[in-house]
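Chemist: Sequence below, structure please.
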Amino acid sequence: MVWKRVNFWKTTNFILINMTPTEFEGQNGLLGKPANMTDEQCGGLPIARVENGIVSCWQLSDEEFQEICTNGGKIYLTAFIPVDCHPPVNLSVHKPF
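Modeler: Numbers count the residues shown, from 1 in each chain. Got it, this is the predicted structure:
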């Protein structure tokens, strides 16, 4: 199954990498898109509901993989939340369950 990439914004100051959410072993749910977004802007997000939250899996394109290999292995997380704080999150290359 192919999932839509979400482009929230693009600026000249940074490049938004559009990793693709993907189905994965252990997936047990699907989060729907926000009500204020169209199907062209956002698709469902495959997730695993776990004890302390949810897990999603993201696939890098070949171009994104090369970018990570040349930028020192960095991935940046942006949380689109309407408050002045950051929710607890974890990014990992290892399956967390």
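
Chemist: tell me the helices in the chain, going along the chain?
Modeler: Along the chain, counting by DSSP state H, helices occupy 62-70.

Chemist: what bits of it have low per-residue confidence?
Modeler: Applying pLDDT under 70 to the chain picks out residues 1-17, 79-86.

Chemist: give me that answer again for 80
Modeler: Within the chain, the segments meeting pLDDT under 80 span 1-18, 34, 37, 40-42, 76-91, 95-97.

Chemist: Name the residues that touch the biggest strand by length in it?
Modeler: Taking DSSP state E as the criterion, the chain has its longest strand at strand 45-50. Applying CB atoms under 8 Å, 6 or more residues apart in numbering, the contact partners of strand 45-50 are 3, 21-24, 26-31, 54-57, 96-97. The C-beta positions use only the backbone N, C-alpha and C, and glycine is treated the same way.

Chemist: would you put the C-alpha positions of that strand in PDB?
Modeler: C-alpha atoms of strand 45-50 as PDB (Å, rounded to 0.1, in the frame of the first residue of the first chain):
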ATOM      1  CA  LEU A  45      -0.900   6.700   9.500                       C
ATOM      2  CA  PRO A  46      -0.200   3.000  10.200                       C
ATOM      3  CA  ILE A  47       0.500   2.700  13.900                       C
ATOM      4  CA  ALA A  48       1.000   0.200  16.700                       C
ATOM      5  CA  ARG A  49      -0.700   1.100  20.000                       C
ATOM      6  CA  VAL A  50       1.700   0.300  22.800                       C
END
